[in-house]
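*Asks:* Sequence plus the predicted model coming up.
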Amino acid sequence: MLTRYIQAAMARARFERLRDGTVYGHIPGFEGVWAHAPTEDACREELQDVLEEWIVVRLKHDLPLPVLEGLDLNRVAA
């Protein structure tokens, strides 16, 4: 279930090339989950790492997670 959740979140990721040629990425609805890297591939990889850490922190501190495509990690953690 966790892998599917991460995949669903990453499918929502948005990337923007900045003026300096680097790439900024974020996932709408996932406050604080963002990355900045030289290429889109590197940014995507960094963004997924940040997402995974964000999920762990939220589960550890019993903070709510967005429900994605019927995947509710809040119920699993309870």
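*Replies:* Right, received. Where do you want to start? Note that the coordinates shown come from a computational prediction; the quantities given were computed from them, not determined experimentally.

*Asks:* Any stretches of this structure with poor pLDDT?
*Replies:* Filtered on pLDDT under 70, the chain yields the residue ranges 76-78.

*Asks:* Contact partners for the residue nearest the centre of it?
*Replies:* Closest to where the C-alpha atoms of the chain average out (CA atoms, centre = their mean) is L51, at 3.5 Å. Going by CB atoms under 8 Å, 6 or more residues apart in numbering, L51 touches I6, A9, M10, I27, F30, V33. Yep, even glycine has a C-beta here, placed from its N, CA and C like the rest.

*Asks:* and which of these is nearest E16?
*Replies:* The nearest member of the contacts of L51 to E16, counting by CB to CB, is I27 at 12.8 Å.

*Asks:* how near is the closest one to A13?
*Replies:* I27 sits 5 Å away from A13 when distances are taken as CB to CB, to the nearest Å.

*Asks:* L59 too?
*Replies:* Separation of L59 from A13 (CB to CB): 20 Å.

*Asks:* Can you dump the C-alpha atoms of the lengthiest helix in the chain in CSV for me?
*Replies:* Identified as the longest helix of the chain according to DSSP state H is helix 40-60. Extracted C-alpha coordinates of helix 40-60, given in CSV (Å, rounded to 0.1, in the frame of the first residue of the first chain):
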residue,chain,number,x,y,z
GLU,A,40,14.2,17.0,-13.8
ASP,A,41,15.3,13.5,-13.2
ALA,A,42,17.4,14.5,-10.2
CYS,A,43,14.6,16.7,-8.9
ARG,A,44,12.1,13.8,-9.2
GLU,A,45,14.4,11.5,-7.3
GLU,A,46,15.0,14.1,-4.5
LEU,A,47,11.3,14.9,-4.4
GLN,A,48,10.5,11.2,-3.8
ASP,A,49,13.1,11.0,-1.0
VAL,A,50,11.6,14.1,0.6
LEU,A,51,8.1,12.6,0.3
GLU,A,52,9.1,9.4,1.9
GLU,A,53,10.7,11.2,4.9
TRP,A,54,7.6,13.5,5.1
ILE,A,55,5.3,10.4,5.3
VAL,A,56,7.5,8.8,8.1
VAL,A,57,7.5,12.0,10.2
ARG,A,58,3.7,12.5,9.8
LEU,A,59,3.0,8.9,10.8
LYS,A,60,5.4,9.0,13.7
